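Participant: Sequence below, structure please.
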Amino acid sequence: VYTGGNSANRVPGAAITLSTGHSITADGNGFFKLEQLPPGPVTVTASAPGFPTRSVERTLVNNSTTWGSVHLQ
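Facilitator: Below you'll find the predicted structure:
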């Protein structure tokens, strides 16, 4: 989860919710990782105080890493 024009500007502690019903909090570096999710389309939504809530769409595939970076403006 990041802000501004540079993906290195991370947002620590952002709340992450997936359309699968899973949720997690980004770590102190703005990163999150969920494993053993079902394959198929998913919406990743991130929110943090002081930022608008944003979402991205991804398609999950078995035995593959899918990046779900969310840009909070």
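Participant: switch to C-alpha atoms for all contacts and neighbour counts from now on
Facilitator: Noted.
Participant: end-to-end on stretch 21-33?
Facilitator: Start-to-end span of stretch 21-33 (Cα to Cα, to the nearest Å) is 15 Å.
Participant: how about it: buried residues?
Facilitator: Neighbour-count burial for stretch 21-33, counted by 16 or more other Cα atoms under 10 Å, picks out 23, 25-27, 30-32.
Participant: Need the contact partners of that stretch.
Facilitator: Outside of stretch 21-33, the residues within contact range by Cα atoms under 8 Å, 6 or more residues apart in numbering are 1-2, 10-17, 34.
Participant: what's the distance between it and the middle of its chain?
Facilitator: Put simply, stretch 21-33 sits 7 Å off its chain's centre (Cα atoms, centre = their mean, to the nearest Å).
Participant: tell me the contacts of N62?
Facilitator: Residues counted as contacts of N62 (Cα under 8 Å, 6+ apart) are 38-39.
Participant: Any figure for the gap between it and P39?
Facilitator: 6 Å.
Participant: Just the ones of the contacts of stretch 21-33 in strands?
Facilitator: Among those, DSSP state E puts 15-17 in strands.
Participant: Save those as JSON lines, and put in pLDDT too.
Facilitator: Output for those, formatted as JSON lines (pLDDT from 0 to 100):
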{"residue": "A15", "pLDDT": "97"}
{"residue": "I16", "pLDDT": "96"}
{"residue": "T17", "pLDDT": "96"}
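Participant: close enough to count as contact, T43 and E57?
Facilitator: Yes. In this structure, T43 is within contact of E57 by Cα atoms under 8 Å, at 4.6 Å.
Participant: returning to that earlier point: ok, of the ones in strands among the contacts of stretch 21-33, which one's closest to A48?
Facilitator: Distance ranking of those against A48, using Cα to Cα, places A15 first at 6.3 Å.
Participant: Can you tell me how far the closest one is from Q36?
Facilitator: The spacing between A15 and Q36, counted by Cα to Cα, is 19 Å.
Participant: These two: who's more crowded?
Facilitator: Just comparing A15 and Q36: by other Cα atoms under 10 Å the higher neighbour count belongs to A15, 20 against 7.
Participant: which residues in the protein form strands?
Facilitator: Assigned by DSSP E, the strands in the chain fall at 15-18, 23-25, 40-47, 54-60.
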